[in-house]
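Participant: fold the following.
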Amino acid sequence: MSKRLPGRALPRWSRRKDARPDEITAAALALFVERGYAATRLEDIAARAGISKGTLYLYFANKEEIFKAVVREGLVSPLAEMRELAERYAGSSMELLRMLVEGWWARIGSTPLSGLPKLMIAEARNFPELARFYVDEVVEPGQRTIARIVERGIARGEFRRVEPQGAALLIAAPMLLVMLWRNSLACCARSSADIDPRTLIEAHLEWVRRSLEP
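Facilitator: Numbers count the residues shown, from 1 in each chain. Reported below is the predicted structural model:
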């Protein structure tokens, strides 16, 4: 039986006079996904968090700092946990890939955090420094983690010899597709064209297994 990586809900919070930083980042995430980075103002974030703009400045100097905090809290931290799991896991490499994909869905793909890739693709040209931060902190570490699992499987004789970086890109691509679809065309799709994430994930994992097995 496959082990499942348990999901963890986003922090619950209620408005109060002195909001904690995680309440501010939760409000910012919602607005970034709804409006985009450029259109989100600091006063909008403060209002969504139920605080004054002055209180917001007690925690963050500017919008860029808030965005980086959103990414580090919501994406970098779960990716680090997945990387640590990969380093200590004693089971098969295919099972490890399954746990990574299912953990990604529980922690990121099925949550408002799934809107961040679409936001970065849309805003990258206008905010290249933020895009580089996102690539350095999220994209490249995620790809390295998957590539290392592929290398692990090859070394253990569980996978046939493939180019790990290319395999990592192919493994990650459907995950990105799900997030982009959920936050763009899904609202307009007819039922026959809609993408069911769970069905896609299971089909993808079966494709990965068949593609990598010796």
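
Participant: hmm, residue 73 and residue 22 touching each other?
Facilitator: Yes - judged on Cβ atoms under 8 Å, residue 22 makes contact with residue 73 at a distance of 6.8 Å. (Each C-beta comes from the backbone N, C-alpha and C, glycine too.)

Participant: comparing those two, which residue is more hemmed in?
Facilitator: Set residue 22 next to residue 73 and count neighbours by other Cβ atoms under 10 Å: residue 73 wins out with 18 against 15.

Participant: using the three-state scheme, assign the spatially closest residue to the more buried one that is not a sequence neighbour.
Facilitator: Closest residue in space to residue 73, ignoring its immediate chain neighbours: residue 25 at 5.6 Å, by Cβ to Cβ, 6 or more residues apart in numbering. Residue 25 falls in the helix class when you classify it by DSSP: H, G, I helix; E, B strand; the rest coil.

Participant: where's residue 25 relative to residue 178, distance?
Facilitator: Using Cβ to Cβ, to the nearest Å, residue 25 is found at 23 Å from residue 178.

Participant: can you report how many residues lie near the residue nearest to residue 73?
Facilitator: 25.

Participant: now the one 5 residues further on
Facilitator: When neighbours are counted by other Cβ under 10 Å, residue 30 registers 17.

Participant: does residue 147 count as helix, strand or coil?
Facilitator: Applying three-state DSSP: residue 147 is helix.

Participant: how close does it get to residue 194?
Facilitator: Residue 147 is 31 Å from residue 194, by Cβ to Cβ.

Participant: can you pull out the residues in contact with whatever helix or strand residue 168 lives in?
Facilitator: Using DSSP states H and E, residue 168 sits in helix 164-182. Helix 164-182 is contacted by residues 97, 101, 104-105, 108-109, 114-115, 117-118, 121, 142-144, 146-148, 150-151, 154, 195, 197, 200-201, 204, 208, 212 when judged by Cβ atoms under 8 Å, 6 or more residues apart in numbering.

Participant: after that helix comes which helix or strand?
Facilitator: Next along from helix 164-182, by DSSP H and E: helix 197-212.

Participant: for residue 29, grab phi and psi.
Facilitator: phi -60, psi -50 (degrees, to the nearest 10).

Participant: check contacts around the closest residue to it other than its chain neighbours.
Facilitator: Leaving aside its chain neighbours, residue 29 sits nearest to residue 70 (5.0 Å; criterion: Cβ to Cβ, 6+ apart). Residue 70 makes contact with 25, 28-29, 32, 116, according to Cβ under 8 Å, 6+ apart.

Participant: would CSV of those residues with pLDDT and distance to residue 43 be doable?
Facilitator: CSV is the format used below for the contacts of residue 70 (pLDDT from 0 to 100; distance: Cβ to Cβ, whole Å):
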residue, pLDDT, distance to residue 43
25, 96, 16
28, 98, 12
29, 97, 17
32, 97, 15
116, 96, 22
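
Participant: CSV for these, including distance to residue 168?
Facilitator: Putting those into CSV (distance: Cβ to Cβ, whole Å) gives the following:
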residue, distance to residue 168
25, 29
28, 30
29, 27
32, 27
116, 20
